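K.L.:
can't give you the sequence, but here's the structure:
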């Protein structure tokens, strides 16, 4: 009888070990000591500069968390892959992270088209797409425990800011220059919706292929149409190139972009040609002489670590990991997609030291914030013109 009991006890013990091991293995990328995260950025394409800054910001926050013991006792392992701002490369990067590296979540994936290519791969394996660097509505719609949006939608940015600019500045002839893909089309749709509210027509629209460097024909069309405000569905290089062409030809309309064009590289590369350029934005560039001591201190630590000044992309990368770390900490030992969703849907993450809007989600809304500010380049630096304007 004692031998039978011993065998039963041993069997129960082994079963317990098996169950415990299985419980840990059920959540990909999560062990008792580590959580494995991925990031997909453009390290070799047109957004390489800001992407590398976003990567640095992410790593800075990861290192801070790990120096304090990690999140809920788990160290963070961050694996960064390159998409070259190309959907095919984004898909391959996602396949590696999901199937080879076994990540729990992909953070800060940059680009609308690369995200759209990668989402099916991630969601098939239950891997979370956390705070991608895209303002497309698909980043948080439909509501899902695997989708969390950070940036106010490009559609809403233009839907709200176009009539705001028409009313405040008196513009009457609005045109648009946009990238010929899903990213640019969201700017076009938002502009059309905003003009409908303002009861004005879209007098001209012209597009360009991703990677274009010559904007002579597009600017000529907008100038010939007599546009006094041009909406820019552009990022960095395209913004600078188009504005330089406009100024060269004496086309002095006002130009306004969205969150992707809010970057210090615009005025660094564009010089006088970009003076007066407007954008909608959420974050703020951390200039070394920022009036906030906390921002200056953070920027100093960043520069000491990376031997360069941070940018708004550094801030965004830092904040993405910060949001994940704070939410994951609240789940405690039981980190999985369900527990993270519960925290994200019931927690209000307040404004940070950089002045970002508070992040508040619900079961029916997985977007951090649908608010943004209007900024303008004045004397070679970004200046905030408004407080947050809600797109709700």
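P.N.:
Yep, it's here. Keep in mind the model is a prediction, meaning the values are calculated, not measured. Numbering: from 1, shown residues only.
K.L.:
what are the contacting residues of stretch 265-272?
P.N.:
Applying Cβ atoms under 8 Å, 6 or more residues apart in numbering, the external contacts of stretch 265-272 come out as 49-50, 236-237, 239-240, 243-244, 247, 274-275, 277, 311, 377, 380-382. To be clear about C-beta, it is placed using only N, CA and C from the backbone, and glycine gets the same treatment.
K.L.:
go again using 6 Å as the cut-off
P.N.:
Stretch 265-272 is contacted by residues 236, 239, 240, 243, 274, 377, 380 when judged by Cβ atoms under 6 Å, 6 or more residues apart in numbering.
K.L.:
now stretch 296-306
P.N.:
With Cβ under 6 Å, 6+ apart, stretch 296-306 has contacts from 56, 286, 288, 290, 309, 310.
K.L.:
kindly recompute the last result at 7 Å.
P.N.:
56, 60, 286, 288, 290, 309, 310, 314, 353 (Cβ atoms under 7 Å, 6 or more residues apart in numbering).
K.L.:
for stretch 334-353, same thing?
P.N.:
So stretch 334-353 is in contact with 27, 30, 35, 72, 126, 128, 145-146, 148, 292, 294-295, 298, 319, 323, 326-328, 330-331, 357-363, going by Cβ under 7 Å, 6+ apart.
K.L.:
show the contacting residues for residue 163.
P.N.:
Applying Cβ under 7 Å, 6+ apart, the residues contacting residue 163 are 194, 197, 198.
K.L.:
SS state for the second one?
P.N.:
For residue 197, the reduced secondary structure class is helix; criterion used: DSSP: H, G, I helix; E, B strand; the rest coil.
K.L.:
nearest residue to it other than its sequence neighbours?
P.N.:
Once flanking residues are discounted, residue 197 sits nearest to residue 163: 4.7 Å by Cβ to Cβ, 6 or more residues apart in numbering.
K.L.:
what's the spacing between the one you found and residue 383?
P.N.:
Distance, residue 163 to residue 383, by Cβ to Cβ, to the nearest Å: 22 Å.
K.L.:
could you pull out the helices for the stretch 1-150 of the chain?
P.N.:
2-25, 48-67, 87-95, 112-124 (DSSP state H, counting those that start in this stretch).
K.L.:
ok, now the stretch 251-392 of the chain?
P.N.:
Going by DSSP H, counting those that start in this stretch, the stretch 251-392 of the chain shows helices at 264-270, 293-306, 312-331, 337-346.
K.L.:
coming back round to it: among the helices of the stretch 1-150 of the chain, which gets the worst mean confidence?
P.N.:
Note on those: lowest mean pLDDT is at helix 2-25, with a mean of 42.
K.L.:
which of the contacts of residue 163 sits closest to residue 153?
P.N.:
Closest approach between these and residue 153, by Cβ to Cβ: residue 194, at 12.6 Å.
K.L.:
give me the neighbour count for that closest one.
P.N.:
By other Cβ atoms under 10 Å, the residues close to residue 194 number 25.
K.L.:
cool, residue 266 as well?
P.N.:
Neighbours around residue 266, by other Cβ under 10 Å: 24.
K.L.:
got a pLDDT number for it?
P.N.:
We have a pLDDT of 95 for residue 266.
K.L.:
and the one 5 residues further on, by the same measure?
P.N.:
Residue 271 is assigned a predicted lDDT (pLDDT) of 96.
K.L.:
residue 137 now?
P.N.:
At residue 137, pLDDT is 88.
K.L.:
with the one 3 residues further on instead?
P.N.:
Note on residue 140: pLDDT of 95.
K.L.:
residue 356 too?
P.N.:
If you check residue 356, the pLDDT there is 90.
K.L.:
just give me the neighbour total for it.
P.N.:
Around residue 356 there are 23 residues (other Cβ under 10 Å).
K.L.:
what residues does it make contact with?
P.N.:
282, 283, 319.
K.L.:
how about a cut-off of 10 Å?
P.N.:
Listed by Cβ atoms under 10 Å, 6 or more residues apart in numbering, the contact partners of residue 356 are 150, 282-284, 315-316, 319, 322-323, 349-350, 368-369, 371, 388.
K.L.:
report the buried members of those residues.
P.N.:
Neighbour counting with 16 or more other Cβ atoms under 10 Å marks 150, 282-284, 315-316, 319, 322-323, 349, 368-369, 371, 388 as buried within the contacts of residue 356.
K.L.:
let me have these in JSON lines, extended by pLDDT and distance to residue 260.
P.N.:
Below are these laid out as JSON lines (pLDDT from 0 to 100; distance: Cβ to Cβ, whole Å):
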{"residue": "150", "pLDDT": "94", "distance to residue 260": "13"}
{"residue": "282", "pLDDT": "87", "distance to residue 260": "11"}
{"residue": "283", "pLDDT": "85", "distance to residue 260": "12"}
{"residue": "284", "pLDDT": "90", "distance to residue 260": "15"}
{"residue": "315", "pLDDT": "96", "distance to residue 260": "15"}
{"residue": "316", "pLDDT": "95", "distance to residue 260": "11"}
{"residue": "319", "pLDDT": "97", "distance to residue 260": "16"}
{"residue": "322", "pLDDT": "97", "distance to residue 260": "21"}
{"residue": "323", "pLDDT": "97", "distance to residue 260": "20"}
{"residue": "349", "pLDDT": "96", "distance to residue 260": "23"}
{"residue": "368", "pLDDT": "94", "distance to residue 260": "17"}
{"residue": "369", "pLDDT": "93", "distance to residue 260": "17"}
{"residue": "371", "pLDDT": "89", "distance to residue 260": "17"}
{"residue": "388", "pLDDT": "89", "distance to residue 260": "18"}
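K.L.:
ok, so of those, who is nearest residue 262?
P.N.:
Nearest to residue 262 out of the buried ones among the contacts of residue 356 is residue 283 (Cβ to Cβ; 7.3 Å).
K.L.:
quick one on the thing from earlier: out of the helices of the stretch 251-392 of the chain, which is closest to residue 186?
P.N.:
Comparing the helices of the stretch 251-392 of the chain by Cβ to Cβ, helix 312-331 comes nearest, at 18.7 Å.
K.L.:
just the angle for the closest one relative to helix 48-67, thanks.
P.N.:
For helix 312-331 against helix 48-67, the angle by axes from the mean of the first three to the mean of the last three Cα atoms, to 10 degrees is 30 degrees.
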